[in-house]
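**Student:** Quick one, what's the 3D model for this:
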Amino acid sequence: MANLALTAAAIDAALKFNGSASWMHYGAFTNTLASSFNVSTVTDSATGVFLQNFTSIMTTAFHSPSGSQNFRVDVTDANLDFTISAATTTGTQRVRSLEGGVPVDSTVVSVQIHNVLA
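**Tutor:** Okay, here's the model as predicted:
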């Protein structure tokens, strides 16, 4: 079996093109960023609405956001709403946390952005 030499540059290149361009584990109820990759801060702009601020911008506005949230109450209609725009090339992504169609600060929100880092 060949010896594989993993360099920092090789790992950076693999993450840049093959992994999530950004992810975070955010406590919206307490406004706490628990862990993340390529997220510098989170701005709480209103109840259930926050901006994910990127450390490094991405090459295009065409990205694929996905996520999940823990519910504070027993509801059947809960989802995350992402604003799809040039946000990733300007450094932010708007996310709304909804339960029953109403914006709420969920206990935990996890968001992943798939794109290519600049």
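
**Student:** switch to C-alpha atoms for all contacts and neighbour counts from now on
**Tutor:** OK.

**Student:** Who are the contact partners of the residue nearest to N31 when sequence neighbours are not counted?
**Tutor:** In this structure, N31 finds its nearest non-sequential neighbour in D44, 6.9 Å apart by CA to CA, 6 or more residues apart in numbering. Contact partners of D44, counting by CA atoms under 8 Å, 6 or more residues apart in numbering, are A28, N31, F50, L51.

**Student:** Check what contacts stretch 108-118 and list those residues.
**Tutor:** 16-17, 19-29, 56-60, 62-71, 97.

**Student:** Do I have it right that T92 meets F54?
**Tutor:** Yes - applying CA atoms under 8 Å, one finds T92 in contact with F54, separated by 5.9 Å.

**Student:** hmm, back to that, ranking the contacts of D44 by neighbours, who comes first?
**Tutor:** A28 (24 neighbours; other CA atoms under 10 Å).

**Student:** For stretch 81-95, give the mean pLDDT please.
**Tutor:** In this model, stretch 81-95 carries a mean pLDDT of 67.
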